[in-house]
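K.L.:
my questions concern the predicted model and sequence given below.
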Amino acid sequence: MKQYFKIIRQVLQEGREKGQGTYYEAHHIIPKSFNKKSITILLTPEEHYTVHKILAEYWKHHSVYGRKMLWAFHRISYDGKRQLTEEQYGDARRILQDLWKRKKTEEHRKNIGIAQKGNTNNSSRVFKGMKSDISEEGRQKLAQARKEDQTGRTGLQAKAAKGPYTVIFESGQKHTAGSYPELSKLTGIAYSTLQCRLKHKEGIAERGWKIYKGEQALLF
């Protein structure tokens, strides 16, 4: 807790006030959940994150205050406004593991449900009570973009490409793609069938077609 009180003392010495061109967040020196009288101070978002991290780590095993401090840190970390660095995100996940693994009371389940309340359509699910202003057309475009990004919009250069894979039909028709989903789209053969055939019968003609790993020039 030394670092905690060091930050508090430094802030008190500065005598901060709102409306001075700097964004601050109010923080109770003694957490509200302790039910003790406490003054509030103004912290930067970075300082606010740090002090709640300290409180969560220090009190997390306490039978009374542990859960309260972890939930407070959870709200600070995932309030939808804060941009965490990779290091901060990792710290938050590790600290909060204990909280997430604990058995939730019915009250906690209801609170989580309220926080995650949104449209029944999964594509427009809203978290933390925030309403999304994205249109249905926008959602569809985002979904299509994600799909194309993973399934080979750019052929052999696709993000999901692990090929190339080549299917040659008995007629001599040949299709090459960088991923199974893209090859399935080109040939009309199920993704799982392509994957199984390559694994167990690569280059073997069966049911009018065969598959290779790589770009094959050989005909049937």
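P.N.:
Everything's here; your move.

K.L.:
C-alpha only now, for contacts and for neighbours.
P.N.:
Noted.

K.L.:
would you verify that Gly19 is located in a strand?
P.N.:
No - under DSSP: H, G, I helix; E, B strand; the rest coil, Gly19 sits outside any strand and is assigned coil.

K.L.:
let me know the pLDDT of it.
P.N.:
In the predicted model, Gly19 carries a pLDDT score of 76.

K.L.:
and the residue nearest to Ile204 when sequence neighbours are not counted, how many neighbours?
P.N.:
In space, and not counting its chain neighbours, Ile204 is closest to Lys210: 5.6 Å by C-alpha to C-alpha, 6 or more residues apart in numbering. Applying other C-alpha atoms under 10 Å, we find 21 residues neighbouring Lys210.

K.L.:
contacts for the strand or helix carrying Lys210?
P.N.:
Using DSSP states H and E, the element containing Lys210 is strand 209-213. When contacts are taken as C-alpha atoms under 8 Å, 6 or more residues apart in numbering, the neighbours of strand 209-213 outside the stretch itself are 163-170, 194, 197-198, 202-204, 220.

K.L.:
which of the residues you listed are buried?
P.N.:
Gly163, Pro164, Tyr165, Thr166, Val167, Ile168, Phe169, Leu194, Arg197, Leu198, Gly203, Phe220 (16 or more other C-alpha atoms under 10 Å).

K.L.:
by contact count, what packs against the strand or helix carrying Thr193?
P.N.:
Using DSSP H and E, the element containing Thr193 is helix 191-201. Under the contact criterion of 3 or more C-alpha pairs under 8 Å, 6 or more residues apart in numbering; DSSP states H and E, the helices and strands touching helix 191-201 comprise helix 180-187, strand 209-213.

K.L.:
need the ones you listed in CSV with distance to Arg94, can you?
P.N.:
As requested, the helices and strands packed on helix 191-201 are arranged in CSV below (distance: least, C-alpha to C-alpha, whole Å):
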stretch, distance to Arg94
helix 180-187, 35
strand 209-213, 41
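
K.L.:
skipping adjacent residues, who's closest to Ala190 in space?
P.N.:
Closest residue in space to Ala190, ignoring its immediate chain neighbours: Ser184 at 5.7 Å, by C-alpha to C-alpha, 6+ apart.

K.L.:
for the one you found, give me its contacts.
P.N.:
Taking C-alpha under 8 Å, 6+ apart, we find Ser184 in contact with Ala190, Tyr191, Leu194.

K.L.:
which positions in the helix or strand hosting Gln13 come out as buried?
P.N.:
Element membership of Gln13 [criterion: DSSP H and E] is helix 2-14. When burial is assessed from 16+ other C-alpha under 10 Å, helix 2-14 yields the following buried residues: Tyr4, Ile8, Val11.

K.L.:
need the distance between the two termini of stretch 8-27.
P.N.:
Across stretch 8-27, the terminal residues are separated by 10 Å (C-alpha to C-alpha, to the nearest Å).

K.L.:
now do stretch 190-210
P.N.:
Taking C-alpha to C-alpha, the first and last residues of stretch 190-210 lie 14 Å apart.

K.L.:
relative to Leu194, how far out is the residue nearest to Ala190?
P.N.:
Between Ser184 and Leu194 the distance, using C-alpha to C-alpha, works out to 7 Å.

K.L.:
what does Gly172 give?
P.N.:
18 Å.

K.L.:
kindly report the same for Gln83.
P.N.:
Taking C-alpha to C-alpha as the measure, Gln83 falls 42 Å from Leu194.
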